[in-house]
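Student: Test case, fold it:
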Amino acid sequence: MGNSFICRSKKDVKDQGSRSKRMGRSQRKLLAEEEYLHRQALSMALHQHQLSQRFDGSMSRRIGSTSSRRHTLPDSVSKQISENLENITTKKFVLIHGGGFGAWCWYKTVALLEEVGLLPVALDLTGSGIDLTNPNSVSTLAEYSKPLIDYLENLSGDEKVVLVGHSIGGACISYALEHYSQKISKAIFLCATMVANGQRPFDVFADQLGSAERFMQESKFLIHGNGKDKPPTGFMFEKDHMKALYFNQSPSKDVALATASMRSIPLGPIMEKLSLSPDKYGAGRRFYIQTLDDFALSPDVQEKLVRENPPEGVYKIKGSDHCPFFSKPQSLHKILVEIAQIP
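Tutor: Next comes the predicted model:
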């Protein structure tokens, strides 16, 4: 019995070693896949930045050969939608990311919109994505929104675009509506800060983060870019907080991409009170997309924003966290296409 016990023990040790090797290989494979995805998304953002300089922001159409290799819509469906969209006047979608994100976060949305013949362009706001500006130096909403404003200013003649703003990016498209309403066909707020005149974007998140004054004094996520003795210049959540707030329904690979790519959020732009007039901002065509499993901007808060500042249309995505471009890309795509077709 003693010998048989020893034999079994050796076998167990051998099997355990094999399992460890298999687990090691599996983990290495997962890490390799996540690194590859990260590189692909950053590569897309880099191509976008370079080509937007050369081709008036039409990068997304030109790199479609890389982003559309994996078709997520059946060809018959894509063809039918494309035919329905042929007569749409405004086909350009300008995608504006939320705080800490970059153009890279829209990679699924870009591919899906291209497949049906629309022309998406994802921009990096100042100090975001691959933009080299130090986020701690960005102090105003105008400065933060400059890439969007530059893009709108360079549109030819009476050309218009559909703006999509995610999260804090809602403040940027509100600013654009106020100053360049003639260039904007529709503005879509995606679980975004759709504030009223005189409000600060930060105030929308007060339920989660507390008052602005208290946050500026007590938050452990603050960044003091000008020194500890000076007012804070930005903030950035730790990875665990990001996952809990933003990505509670997102695929693990997208979470890995995001946590590796996120940058700090400049405080100045989100602490600035917006000046919005009824004849400019108020005359714009606004739509709101609510995310119903959102821990960063709760459904109740989103409902309050819609109630206090009514848009033309309201849409809801079930099972989506704060990042539907990751967690529910097909549902988001369907809504964007539907809004595009509204006359």
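Student: Specify the local secondary structure of Ala122.
Tutor: For Ala122, the assignment made with DSSP: H, G, I helix; E, B strand; the rest coil gives strand.
Student: Give me the distance between it and Gly129.
Tutor: From Ala122 across to Gly129, the span is 9 Å (CB to CB, to the nearest Å). Backbone N, C-alpha and C define where each C-beta goes, glycine included.
Student: Next: Val116.
Tutor: Distance from Val116 to Gly129, counting by CB to CB: 25 Å.
Student: again, but for Gly225
Tutor: 18 Å.
Student: ditto for Lys328
Tutor: Lys328 is 22 Å from Gly129, by CB to CB.
Student: just the helices in the stretch 51-200 of the chain please.
Tutor: 59-62, 64-67, 75-85, 107-115, 141-144, 146-153, 169-180 (DSSP state H, counting those that start in this stretch).
Student: what residues are up against the residue lying closest to Leu276 once chain neighbours are set aside?
Tutor: Take Leu276 and drop its neighbours on the chain: the residue closest to it by CB to CB, 6 or more residues apart in numbering is Asn197, 4.3 Å away. Contact analysis of Asn197 by CB atoms under 8 Å, 6 or more residues apart in numbering lists 274-277, 281.
Student: In those, find the pair that's most separated.
Tutor: Greatest spacing in those, by CB to CB: Leu274 and Ser277 (10.4 Å).
Student: sorry, back to before: could you single out the nearest of the contacts of Asn197 to Ile88?
Tutor: Tyr281 (24.0 Å).
Student: Surely the closest one and Leu177 touch.
Tutor: Yes - between Tyr281 and Leu177 there is a contact under CB atoms under 8 Å: 4.7 Å.
Student: what stretches of the stretch 51-200 of the chain score poorly on pLDDT?
Tutor: 51-84 (pLDDT under 70).
Student: Centroid-nearest residue for the protein?
Tutor: Taking CA atoms, centre = their mean, the centroid of the chain lies closest to His97, which sits 3.9 Å from it.
Student: Distance of that residue relative to Trp104?
Tutor: According to CB to CB, His97 stands 8 Å off from Trp104.
Student: can you give me the helices in the stretch 201-343 of the chain?
Tutor: Using DSSP H, counting those that start in this stretch, helices in the stretch 201-343 of the chain cover 206-209, 212-218, 239-246, 252-261, 267-270, 299-308, 324-327, 329-340.
Student: Point out the most buried one among the ones you listed.
Tutor: helix 324-327 (a mean of 26; mean count of other CB atoms under 10 Å).
Student: what does that helix rub up against?
Tutor: With CB under 8 Å, 6+ apart, helix 324-327 has contacts from 105-106, 108-109, 166, 190-191, 247, 249-251, 254-255, 258, 289, 291, 317, 319-321, 331-332.
Student: Buried subset of these, written for PyMOL?
Tutor: Selection of buried members from the contacts of helix 324-327 for PyMOL, criterion 16 or more other CB atoms under 10 Å:
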select buried, resi 105+106+108+109+166+190+191+247+249+250+254+255+258+289+291+317+320+321+331+332
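Student: isn't Ile335 right next to Lys316, touching?
Tutor: No - with contact defined as CB under 8 Å, Ile335 and Lys316 do not form a contacting pair (9.0 Å).
Student: ok, back up a step: between Leu274 and Ser277, who's got more neighbours?
Tutor: Leu274 (18 against 12; other CB atoms under 10 Å).
Student: The more buried one against Ser174, yeah?
Tutor: Yes - using CB under 8 Å, Leu274 makes contact with Ser174 at a distance of 5.9 Å.
Student: Name the residues contacting each of the two.
Tutor: Residues touching both Leu274 and Ser174 (CB under 8 Å, 6+ apart) are Val195.
Student: list residues touching both of Leu274 and Ser277?
Tutor: Going by CB under 8 Å, 6+ apart, residues that sit against Leu274 and also against Ser277 are 178, 197.
Student: Narrow the contacts of Asn197 to those in strands?
Tutor: Residues of these located in strands (DSSP state E): none.
Student: The residues you listed into a markdown table, with extra columns for pLDDT and distance to Asp300?
Tutor: Listed next are the contacts of Asn197 as a markdown table, based on pLDDT from 0 to 100; distance: CB to CB, whole Å:
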| residue | pLDDT | distance to Asp300 |
| --- | --- | --- |
| Leu274 | 96 | 22 |
| Ser275 | 96 | 27 |
| Leu276 | 97 | 23 |
| Ser277 | 97 | 28 |
| Tyr281 | 96 | 24 |
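Student: and which of the residues you listed is nearest Asp229?
Tutor: Leu274 (29.8 Å).
Student: Distance of the closest one relative to Gly319?
Tutor: In terms of CB to CB, Leu274 sits 31 Å off from Gly319.
Student: List the contacts of stretch 131-149.
Tutor: Contacts for stretch 131-149 (CB under 8 Å, 6+ apart): 49, 94, 96, 102, 123-128, 163, 171-173, 175-176, 179-180, 223, 225-226, 233-234, 263-266, 268-269, 272, 274.
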